[in-house]
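1. model the structure of this input:
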Amino acid sequence: MALGFLFMMLLGLALIVGTTVFWVWMIVDCASNEPAEGNDRLVWILIIVLTHWLGALIYFFARRPARIQQYGR
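-> Predicted structure coming up:
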């Protein structure tokens, strides 16, 4: 019983740390690679910061591939 609880706690901790690392990675990626034209960079950073991992996922799957294809970075 205690072993199962410990496993669930460690799994939860790993999930929290993993999503936070992914969130920080997307903020850094957006801040350093998003073109400075217009307000796109600021808007995406605000979306990522205010919605945490959900905004990071949206940026990763929706904007990042389009940016890489368009700008090559």
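2. okay, now the unreliable bits of this protein?
-> Within the chain, the stretches with pLDDT under 70 are 73.
3. can you map out the helices along it?
-> 2-33, 40-58, 64-71 (DSSP state H).
4. buried ones in the first one, by neighbour count?
-> Going by neighbour count (16 or more other Cβ atoms under 10 Å), the buried part of helix 2-33 is 23, 26-27, 29-30. Backbone N, C-alpha and C define where each C-beta goes, glycine included.
5. okay, the angle between it and helix 64-71?
-> Between helix 2-33 and helix 64-71, the angle comes out at 20 degrees (axes from the mean of the first three to the mean of the last three Cα atoms, to 10 degrees).
6. got the angle between helix 2-33 and helix 40-58?
-> Counting by the same axes, to 10 degrees, helix 2-33 lies at 150 degrees to helix 40-58.
7. just checking, what packs against helix 2-33?
-> Helices and strands touching helix 2-33, by 3 or more Cβ pairs under 8 Å, 6 or more residues apart in numbering; DSSP states H and E, are helix 40-58, helix 64-71.
8. would you turn the ones you listed into JSON lines with mean neighbour count?
-> JSON lines is the format used below for the helices and strands packed on helix 2-33 (neighbours: other Cβ atoms under 10 Å):
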{"stretch": "helix 40-58", "mean neighbour count": "16"}
{"stretch": "helix 64-71", "mean neighbour count": "12"}
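9. L11: which of those is closest?
-> Smallest distance to L11 across the helices and strands packed on helix 2-33 (Cβ to Cβ): 16.1 Å, for helix 40-58.
10. for the closest one, packing partners?
-> Using 3+ Cβ pairs under 8 Å, 6+ apart: helix 40-58 touches helix 2-33.
11. roughly how far out does the helix it packs on sit from the chain middle?
-> 10 Å (Cα atoms, centre = their mean, to the nearest Å).
12. all good on my end, thank you.
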